[in-house]
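**Student:** pasting the sequence and the predicted model now:
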Amino acid sequence: MDLDDVADELYALDPGEFVEKRTARAAEAREGGDRALAGAITALRRPTTVGWVVNLLARESPDEVAALLRLGEDLRDAQRQLSGEDLRQLSSQRQQVVRALARRAGRLAAEHGRKVGEGSLREVGQTLHAALADPEVADRVRAGRVVTAASYSGFGPAGLSVVAEQESAATKPEPGPETTEPAAAAPDLLGGARTELAEATADLEQATAAAEGARVELERASEVTAEIDVRIAALRGELERAEQERQFARSAETAAAQAAERSESDLLGARRRLEEAERRLGELG
């Protein structure tokens, strides 16, 4: 038994089972004489519901999660290269993939007996977004060892600081007797301006992708509403036809009842005439 094995076991459990199993595994380690392992096991934190849902997604849909994390690597590469076109395409793809995975995570949780609310699913999506921006979060998601929800404030600052440092190093002049302080500071100012421009561009691309995603969701909702309206109109038509048919059936029922009543009266009269004829025939004998 080692820490990785125990962590894999614990973070695959429902949060309600975590503490009891952690205590048992720590006790086993102590009984085996490995107090360091016992302490490390005890230090493992119980996951929140959101953490458990993300871990469940990583275990049940590893290929989809791996594809999402590769997308995060592509996004960081596009930022380092200041590729606006790539950022636009990748940001739009990111929004779609994260929404789809968050919905799948909710379905998986329901299959395992836990109904997850919209607020928790939003935090699942935020955690997946954070994994795209932060390699450390990505590693936790990939391993299925997320403890709680993570968040991020955008891709720009994390990915573009490297660009600024590289540009400053490339443009910084060699020190010499004629180098003045303003000249030495110029590359830093230029690098900072470029970083600000890149960050603003990334923020714009992110906002554009979010707006496009919202428009797509609106169009999808409008299509669903239109389909429901068509179904309602069809059902109303069927209801009107059924009511007409019911009216016709009631008229036919009334006519049939009247005919049956007349038939009963005619039958009674015929019986009486038959009885009268039999009586007269008996008298004539």
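**Tutor:** Yep, that arrived. Because the structure is a prediction, the values reported are computed rather than measured.
**Student:** alpha carbons only for contacts and neighbour counts from here, please
**Tutor:** Noted.
**Student:** now residue 265: how far from residue 258?
**Tutor:** 11 Å (Cα to Cα, to the nearest Å).
**Student:** tell me the secondary structure of residue 145, please.
**Tutor:** Three-state call for residue 145 (DSSP: H, G, I helix; E, B strand; the rest coil): coil.
**Student:** from here on, count from 17
**Tutor:** Fine by me, first position is 17 from now on; the one you just mentioned is residue 161.
**Student:** hang on, isn't it packed against residue 24?
**Tutor:** Yes - counting by Cα atoms under 8 Å, residue 161 does reach residue 24; the two are 7.4 Å apart.
**Student:** neighbour count: these two, which is higher?
**Tutor:** residue 161 (24 against 14; other Cα atoms under 10 Å).
**Student:** which residues touch the more buried one?
**Tutor:** 23-24, 27, 67, 71 (Cα atoms under 8 Å, 6 or more residues apart in numbering).
**Student:** in helices, which of the residues you listed fall?
**Tutor:** Among those, the residues falling in helices (DSSP state H) are 23-24, 27, 67, 71.
**Student:** filter those to the buried ones?
**Tutor:** Among those, those buried by neighbour count (16 or more other Cα atoms under 10 Å) are 23, 27, 67, 71.
**Student:** can I get these in a markdown table including pLDDT?
**Tutor:** What follows is those, written out as a markdown table (pLDDT from 0 to 100):
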| residue | pLDDT |
| --- | --- |
| 23 | 93 |
| 27 | 94 |
| 67 | 94 |
| 71 | 95 |
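**Student:** ok, those vs residue 168, which is closest?
**Tutor:** Set against residue 168, the nearest of those by Cα to Cα is residue 67 (15.8 Å).
**Student:** so how far is residue 284 from residue 278?
**Tutor:** Distance, residue 278 to residue 284, by Cα to Cα: 10 Å.
**Student:** can you count the residues close to residue 33?
**Tutor:** 13.
**Student:** perfect, I'm done here.
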